[in-house]
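[1] model this:
(one chain, ligands or ions: 1)
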Amino acid sequence: APAHPLWPEIERVTLEQLQYARLGVEGGVWQLFAEDGEMKMYKREEEVDGLAVDPLKAVHTVKGVTGREMTHYFFSPDVRFEWETTLEQMKVLETIADDTLVILQIHKRVWPASQRDALFWSHVRRVPNDTDRDAQDIWIACNHSTEHHEAPSNEGKMVRVALTVCLVCQTSIEPPADGGPVTRDHLTCKITYCSVVNPGGWVPTSALRAVYKREYPKFLKRFTQYVKDRCDKQPILF
Ligand SMILES: O=S(=O)(CCO)c1ccc(-c2ccc(C3CCCC3)c([C@@H]3C[C@@H]3c3ccccn3)c2)cc1
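    Next up, the predicted model:
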């Protein structure tokens with residue numbers, strides 16, 4: 001594993017997020033707040049220092065793509081502007097490895113909040129499925145706020161959000177009955193998207209919750225459709 005000062009935290013947080021995502025939405029603590037076909041979005045209403053920091057967990061099933069493809073397009077900075085509509089600027093501050101980056105993002109102003117930026121490491125990895133041998137490997141992409149000497153400290157300008165986000169994907173293959181080749185019609189990708197965003201500065205709770213309710217379903221729907229469109233007619237990446 002690369003000898004980078006962030007590596008121990010990247011390893012710990014990524015595996016913690018994997019376990020957190022795999023807990024699903026048990027326990028009755030999760031409130032279903034949006035549904036669209038296979039996509040179900042849950043939240044918990046929590047406040048930190050009077051700020052709404054509502055953990056979010058979404059589950060979704062997408063046909064025709066693999067978890068490797070889904071997490072690849074989520075991780076790749078090159079395509080982020082294709083699907084992230086609230087992004088204004090993005091800069092890769094450091095390439096720690098081909099699967100690990102430090103990214104600074106400036107998001108568009110979302111009324112009534114003032115403009116925000118986010119500084120985080122981003123990591124993607126394949127995790128062998130330790131419970132079910134003949135299942136496909138699990139893929140996880142994880143974004144977690146960090147410090148970085150190259151990021152402006154924003155005195156009095158931009159408010160910096162703190163976030164921890166993960167996208168965990170499990171691919172299933174239903175092989176064709178006639179023993180023919182596996183095509184995209186035989187693929188199903190089960191997704192769990194988790195996010196905790198601390199807005200970093202005052203936003204009226206009711207307004208912020210309205211932003212969450214509007215933006216998260218739009219974001220996950222748009223992102224997953226983007227991946228389906230990109231993968232259509234392309235060779236399958238397992
Ligand atoms: O999954 S990611 O890593 C994808 C890479 O971009 C990610 C997701 C979400 C955010 C994010 C950052 C700021 C804000 C708010 C906080 C106060 C004012 C702006 C929000 C609010 C929740 C709403 C929102 C939800 C989804 C998409 C955009 N907007 C979300 C950042 C990164």
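[2] can I get the CA coordinates of stretch 219-236 in PDB?
    Extracted in PDB, the C-alpha atoms of stretch 219-236 (Å, rounded to 0.1, in the frame of the first residue of the first chain):
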ATOM      1  CA  PHE A 219     -28.400  13.500  -8.300                       C
ATOM      2  CA  LEU A 220     -28.600   9.700  -7.900                       C
ATOM      3  CA  LYS A 221     -31.200   9.300 -10.700                       C
ATOM      4  CA  ARG A 222     -29.100  11.400 -13.100                       C
ATOM      5  CA  PHE A 223     -25.800   9.800 -12.100                       C
ATOM      6  CA  THR A 224     -27.000   6.200 -12.500                       C
ATOM      7  CA  GLN A 225     -28.700   7.000 -15.900                       C
ATOM      8  CA  TYR A 226     -25.400   8.600 -17.000                       C
ATOM      9  CA  VAL A 227     -23.500   5.400 -16.300                       C
ATOM     10  CA  LYS A 228     -26.100   3.200 -18.100                       C
ATOM     11  CA  ASP A 229     -25.800   5.500 -21.200                       C
ATOM     12  CA  ARG A 230     -22.000   5.400 -21.100                       C
ATOM     13  CA  CYS A 231     -21.900   1.600 -20.700                       C
ATOM     14  CA  ASP A 232     -24.500   0.800 -23.300                       C
ATOM     15  CA  LYS A 233     -23.000  -1.200 -26.200                       C
ATOM     16  CA  GLN A 234     -19.600  -1.100 -24.600                       C
ATOM     17  CA  PRO A 235     -17.600  -4.200 -23.500                       C
ATOM     18  CA  ILE A 236     -18.500  -5.200 -19.900                       C
END
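[3] and it, what's buried?
    219-221, 223-224, 226-228, 230-231, 236 (16 or more other C-beta atoms under 10 Å). (Glycine included, C-beta is placed from N, CA and C.)
[4] now swap in stretch 100-118 and tell me
    Along stretch 100-118, these residues count as buried under the neighbour rule (16+ other C-beta under 10 Å): 100-105, 107, 110, 113, 116-118.
[5] that one and the ligand, any residue contact?
    Yes - applying C-beta under 6 Å from any ligand atom, one finds stretch 100-118 in contact with the ligand at 105, 107, 110, 113, 116, 118.
[6] quick check: the two most widely separated of these?
    Gln105 and Ala113 (15.0 Å; C-beta to C-beta).
[7] chain center to the helix ranked longest in the chain: distance?
    When the chain is parsed with DSSP state H, its longest helix is helix 205-231. Chain-centre distance of helix 205-231: 11 Å, with C-alpha atoms, centre = their mean, to the nearest Å.
[8] now check it, is it near the ligand?
    Yes - applying C-beta under 6 Å from any ligand atom, one finds helix 205-231 touching the ligand at 211-212, 215-216, 219.
[9] who wins for most neighbours among these?
    Tyr216 (21 neighbours; other C-beta atoms under 10 Å).
[10] my read: that one touches Met39, true?
    No - contact status for Tyr216 versus Met39: not in contact, 10.0 Å apart, counting by C-beta atoms under 8 Å.
[11] give me the common contacts of the two.
    Ala58 (C-beta atoms under 8 Å, 6 or more residues apart in numbering).
[12] Ile106: what's it in contact with?
    Each residue near Ile106 by C-beta under 8 Å, 6+ apart is listed here: 87-90, 115-117, 158.
[13] mind running it again at 6 Å?
    The contact partners of Ile106, taken as C-beta atoms under 6 Å, 6 or more residues apart in numbering, are 88-89, 117.
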